[in-house]
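A.B. asks: Compute the structure for the input listed below.
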Amino acid sequence: MFAHSTRSHIPQPPHSAGAPYKGLRAAIDPNQIPSPIDTVETDREKWEDQPYMTLPGHHPPLSTTDFVAIDQGNSSPKFVRVSTWNVPSTSRLASECEVPIAAIIQPFADQDPREESIPTVETGPSGPPRCARCRGYVNPWCTWVSNGTRWRCNLCSHETEVAPEYYCNLDANFLRLDHLQRPELNKGTVDFAVSEEYWAPHPPPSIRPLYYSVVPPPTTGVRKPEPMDYVFVFDVSQEAVRSGFLKVACATLLECLFGDGEAVPSCFPQSSRIAILAFDRTLQFYNLSSEIVGQPPMLVVPDIDDVFLPSTAGLFVNPTESRDAVVDLLTTLPLRHEHTLETQAALGSALAASLAALVSPDMYVVCLPLTDCKAGRGGQVVAFAATLPTIGVGALQPLVDESTLYGTEKEKSLFAPREETWKDLGEQCASEGVGVSMFLGMGRPIDVGSIGVVSSISGGELYFHPKFDALKDGMVLASQLKRLISRTTAYSCSMRIRTSNGLRVTTSLGNFYESPAADLEFGTMDADKAISVAFEHTRTLDDRQYAFIQAALLYTTVSGERRVRTFNVALRVVTLAGNVFQYSDMDATVSHIVREAISQMPSQKITQIHDLLTEKCALILYAYRKFCAASAAPTQLILPEAFRTLPLYILAMMKTKPLKGRNVTADVRNYYAHKIMAMSARRIMFHLYPRMLALHDLDDTIALPDENGRIYMPSLMRDSHLFMESHGVYLIADNEDLMVLWIGGSVSPQVLKDLLDVEDIMQVDPHTLYLPILPSRLSTQVRNVLAYRFAQRGYTPKFLLARQNLDAAEIEFSDMLVEDQNNAAMSYLDYLCLVHKQIHTALTTGASLSSGHGGFRSMPW
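C.D. replies: The predicted structure is shown next:
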């Protein structure tokens, strides 16, 4: 499909400076070093036409492969992916292998349309059967004893009495006669519909109240599940109006609520209500009641330091019932503030007011102490902000020159909130079942490290549009908002991970709030969010039995149903290092390691994190060499099959925006840190190693429907200029936020005509925002590829066009070629030689690879 030869490759395009290899190394053909593309394409071909059975003992497909999983009692790898599917039997074996024991859990991962949906089990007033000791949920790996009157927990081995209404006789194999009729006994992932006992409790009063209200104290102690409410918060300061950010946000929300005629249907949940709030130096509330005739009344609260709700009458409405009022407000809001002179905006106060509205949405609220506050129904806040909040709750001072802090001890302060109020706000939102997502369309630094922590702790999401341009960024923002509203979302979520005897949870990494009870709390949790959980041994495991992990997520659906979703995984236990490496999962390992690295940014300098990453990579490969390939000569580089390209992904971590060397603004670092901490394994792999296609070399039948209507996607190519040609056209994408089309200087006029409807490279408009719809085969193929990826991703990334040696966007393209020397780091070839040199030195001299005295960090390289 494309040439692998590097003889006629182009010179490296303009790029950010890289780091050279120190010393001499042998000349190595780039074609001979391990390629991630070979692994990805081989796995895709294997699983493209056959389903994956989830029973233990099989290699699961890679996260980058589109596969169909059949649940046989183990959760699909789309929901739970483990760093090794063979667990070491002892802590010593685990430390010798150096492979972290971790799981990547994505509770609401999108499923393939061909897969069976998650079954919902109605449990009645008694709730789902649970272990009397560890409180684990009944699952396919439990065993039944005493003729079915008791069941033995697979986690703690305790025997629990079976409730009379749940009893059933056993067959000759000691399985219940109704085994196949009960999804919870044969499926690894199930939803339990639960009773009032599982409703979200009221959180205790906050020590630092963020708003004031008077509401009678709660009488039931729990919050009744209701359909999820939304609060949309608009920045109406001068910056938001001038850039067109406010106008685009209002127009996009209108389209999401009501659609655009027959072409674009509404994507808003029918049972949900909305409230709309605007802010600058004041807070502006609107009565959207359907009884109002004409323009919706506005109530202005000038006191932004002591936040309260002036009234809740008409604050929350069903958008369909109050369509006229909502349309009128969103249409006129940009016009009302068209000539505003307000340059300041109280974002913190607006978020506190949104929390107050969701906490007590149906009651009159006045300015009184928070000790009488009643917890409300929870929901989601979607804020559009364009101005650094220098006034009101959590007021921040303008940022100092951050470039002077890099490389110093003060560098770490850039990655932590400068005002603790933002952290308190995030924790209170998570406790109340409220998630906060923010669209940032600022012209100047907005301190993502401070305001973004609200979204990180509450389970929300950040969308980053610096120097917002309505023409360039409007379409991207629209697709992001539609994805946010339409994807699977739950609120008032609480997760607990349990393990079988011999294992325990050590750390959890992701965007959530860890409560004092060690539960992971999410104001909202959606289909795009994942967390990472690390485990350690508490005793030796029996290699004749399985080790078990069970994750349980208690949540409320958008439609107001309270449920528990359980995930169960059985893992084989092994006593040999070779078996651990044989069934290791690089996608899960890489996802956990990058989260670990980013979580250290507030406490370690970036250069130290780079050293730790290289050390981790060398330790894993050295462990394999020492325990599984000791007879090989030290000069040979021996890589385990599962970790053939681990050095490349470790190098790619150092080239990501959060961990990149040299100057990257703190806002950019903190935004990408927030994104990566919540990414699924699949998105992390695509983020670290973006997918690149040679469009000029597509086969005539690829990306077009075959006789059965099925479309096969083209093969990918390696991310390096060494495999590119000057007459080529390349598309690199899925770097989450960016997609770049690169056009070589010697490109064929026919390719340009088929793709862009021009015949000369100088006629190409560098400001093109999307590919034109043309009747040519190439245009159809490329648009099919983009449509397929849009369906996977759910939103449209920003599109850039770069002509060779002509456009500034070429730097963005070149920096995504992670195998090249760029982004203040080495090339893949140089880095592989560096890691090999460290392992060779450790094998021949006995030097330690670990940090500390005598470790490799003290070596000349």
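A.B. asks: residue contacts, the residue nearest to A416 when sequence neighbours are not counted?
C.D. replies: Spatially, and ignoring its direct neighbours in sequence, A416 is nearest to P602 (4.4 Å; Cβ to Cβ, 6 or more residues apart in numbering). All C-beta atoms are positioned from the backbone trio N, CA, C, and that covers glycine. Listed by Cβ atoms under 8 Å, 6 or more residues apart in numbering, the contact set of P602 reads K412, F415, A416.
A.B. asks: Spatially central residue in this protein, please.
C.D. replies: Centre of the chain computed as the mean C-alpha position; nearest residue by Cα atoms, centre = their mean is M679, 2.1 Å away.
A.B. asks: Of the contacts of P602 - the most surrounded one?
C.D. replies: Neighbour tally across the contacts of P602 (other Cβ atoms under 10 Å): the maximum, 20 neighbours, falls on F415.
A.B. asks: Just list the residues touching that residue, thanks.
C.D. replies: Residues in contact with F415 (Cβ under 8 Å, 6+ apart) are G449, M601, P602, A666, R669, N670, A673.
A.B. asks: Break down the stretch 551-700 of the chain into its helices, ranges please.
C.D. replies: Taking DSSP state H, counting those that start in this stretch as the test, the helices found in the stretch 551-700 of the chain are 577-582, 586-599, 606-628, 646-655, 666-678, 681-688.
A.B. asks: before we move on, what about the stretch 101-250 of the chain?
C.D. replies: So, for the stretch 101-250 of the chain - with DSSP H, counting those that start in this stretch - the helices run 238-242, 245-258.
A.B. asks: Output those as CSV; include the columns distance to R498 and mean pLDDT.
C.D. replies: Putting the helices of the stretch 101-250 of the chain into CSV (distance: least, Cβ to Cβ, whole Å; pLDDT from 0 to 100) gives the following:
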stretch, distance to R498, mean pLDDT
helix 238-242, 46, 96
helix 245-258, 38, 96
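A.B. asks: Compare those helices and give me the one nearest T387.
C.D. replies: helix 238-242 (5.0 Å; Cβ to Cβ).
A.B. asks: for the closest one, which positions count as buried?
C.D. replies: By neighbour count on 16 or more other Cβ atoms under 10 Å, the buried set for helix 238-242 is Q238, E239, A240, V241.
A.B. asks: so where's the stretch 151-300 of the chain shaky on pLDDT?
C.D. replies: The stretch 151-300 of the chain contains residues with pLDDT under 70 at 214-220, 261-263.
A.B. asks: And the strands in it?
C.D. replies: In the stretch 151-300 of the chain, the segments counted as strands under DSSP state E, counting those that start in this stretch are 159-161, 189-193, 200-201, 222-223, 229-235, 274-279, 283-286, 298-301.
A.B. asks: What number of residues are in the vicinity of the closest residue to E342 other than its chain neighbours?
C.D. replies: Counting by Cβ to Cβ, 6+ apart, E342 lies nearest to D280, which is 4.1 Å off, once chain neighbours are set aside. Neighbour count of D280, defined by other Cβ under 10 Å: 25.
A.B. asks: how near is the residue nearest to the centre of the chain to I606?
C.D. replies: Per Cβ to Cβ, to the nearest Å, M679 is found 20 Å from I606.
A.B. asks: Now do the contacts for L355.
C.D. replies: Going by Cβ under 8 Å, 6+ apart, L355 touches L210, Y211, V381, L425, Q428, C429, E432, V434.
A.B. asks: Repeat the analysis, applying 7 Å as the threshold.
C.D. replies: By Cβ atoms under 7 Å, 6 or more residues apart in numbering, the contact list for L355 reads L210, Y211, Q428, C429, E432, V434.
A.B. asks: Can you give me the pLDDT of S515?
C.D. replies: If you check S515, the pLDDT there is 88.
A.B. asks: before we move on, what about the one 4 residues further on?
C.D. replies: Predicted confidence (pLDDT) at D519: the value is 92.
A.B. asks: quick one: contacts for it?
C.D. replies: Listed by Cβ under 7 Å, 6+ apart, the contact set of D519 reads S494, M495, R496.
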